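> Pasting a predicted model and its sequence here:
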Amino acid sequence: MISGPMKNPFTGGRSALLALIALACTSPLLHAQGEGNKLVFLNGRSVELSNVSFDGTKFTIKGGPTAETMSLQAASHVSGERPNGIKRGISLILMDEPGEAVKMLEPVVTEHRPTAAVPGNYWLEAARSLVIAYSLYNEPAKAAALGKEISEATPESGSDPTVRLGEVLALPMTVKAADRLAKMAELISDSNSVDVCAYASYFRAKLLAKLDRKDEALASYLSIGCLYPASGLILTSAAEMNAAELIKLKPDRREEAVALLTSAVRGSKGTSVGAAANKALQGLK
């Protein structure tokens, strides 16, 4: 979560922005991420997630001659790399394909649900992403039900702010644009997680661009990578790609557009955002 005063990342001029983009491109987080997750217990034993179920108090482990049980307190963490379905689902959300995102994220949420209360789980990120996909896909009941499940899995945090984000994104088109923008702006706050702030900034920028308020849209897109880099490479990459679209036709900013698209391609390989960014980059060369 962001705390304390924030400095304007754009006061250093275009060269500072390009340097920032170049630094982001060298991040070790750009390495490919795979599959294969296991539930690890305190005694060192690990079990494939497909062989684990959870009833709220204990795990049931299948795969042997007989099923056995382990308490929640016996679980240590979830091992393995972040499921590819999460980044692909997030990418589809950002590319205005929430229906396809739902298809990608639902299996991840189902598979990882037994480990929702275990440290290092991947269920929480997948579930929050699915709430957003449901909201954009006009599935408010499913979004609300999953939001309640998230809040119950993280009782120390109260009601999960992703639920409110989903409600704002699901507002009908009959709601005035000014009101939609205002509600999104309310979500961009130090009191919310960087993920919520980044998503709100992204969708606010998209709406601003549609209203032909391009300078405001550009600032909102660029703020994501500078202020909320912890929200993830896919969100940052999608924002960079859209920012490049807004400036690519300006002769004095073509170099900046190329840098933004290059960063977007590197940060979103293997996703629909990466494919779209690469196509846009080739179009500029």
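In hand now; what should we look at? Numbers count the residues shown, from 1 in each chain.

> how about the strands in the stretch 1-150 of the chain?
In the stretch 1-150 of the chain, the segments counted as strands under DSSP state E, counting those that start in this stretch are 38-41, 46-48, 52-54, 58-61, 68-71, 75-79.

> quick one: furthest residue from the center of this protein?
Pro65 (40.3 Å; C-alpha atoms, centre = their mean).

> what are the phi and psi angles of that residue?
Torsion angles at Pro65 (phi, psi; degrees, to the nearest 10) stand at phi -60, psi -40.

> How much space separates it from Ser53?
17 Å (C-beta to C-beta, to the nearest Å). Every C-beta, even on glycine, is put in place using the N, C-alpha and C of the backbone.

> With Leu235 instead?
Taken as C-beta to C-beta, the span from Leu235 to Ser53 is 32 Å.

> What of Ala209?
45 Å.

> out of those two, which sits in the busier spot?
Shown here are Ala209 and Ser53; by other C-beta atoms under 10 Å, Ala209 has more neighbours (19 against 15).

> where does that one land in three-state SS?
Of the three states, Ala209 takes helix under DSSP: H, G, I helix; E, B strand; the rest coil.

> Without its sequence neighbours, what residue ends up closest to it?
The shortest distance from Ala209 to any non-neighbouring residue, by C-beta to C-beta, 6 or more residues apart in numbering, is to Ala217 (4.0 Å).

> Which helix or which strand is home to that neighbour?
Assigned by DSSP states H and E, Ala217 falls within helix 214-227.

> Now do that helix, average pLDDT.
Averaged across helix 214-227, pLDDT comes to 96.

> what's the answer for stretch 263-281, then?
Per-residue scores along stretch 263-281 average to 97.

> How about stretch 89-108?
98.

> Neighbours of Val258, how many?
Residue crowding around Val258 was assessed by other C-beta under 10 Å; the count is 17.

> Skipping its backbone neighbours, what lies nearest it in space?
Leu284 (5.6 Å).

> now do Met184
Arg204 (4.1 Å).

> So the one you found: helix, strand or coil?
helix.

> Now do the same contact list for it.
Applying C-beta atoms under 8 Å, 6 or more residues apart in numbering to Arg204 gives the contacts 181, 184-185, 188, 220.

> one more time with 10 Å
168, 180-185, 187-188, 216-217, 220-221, 223 (C-beta atoms under 10 Å, 6 or more residues apart in numbering).

> report the angle between the axes of the helix or strand hosting Val196 and helix 214-227?
Using DSSP H and E, Val196 maps to helix 194-210. Relative orientation of helix 194-210 with respect to helix 214-227: 160 degrees, computed using axes from the mean of the first three to the mean of the last three C-alpha atoms, to 10 degrees.

> how near is Thr66 to Ser79?
From Thr66 to Ser79 the distance is 25 Å (C-beta to C-beta).

> Which of those two has more residues huddled nearby?
A direct count of neighbours by other C-beta under 10 Å for Thr66 and Ser79 places Ser79 higher, at 12 against 6.

> Noted, bye for now.
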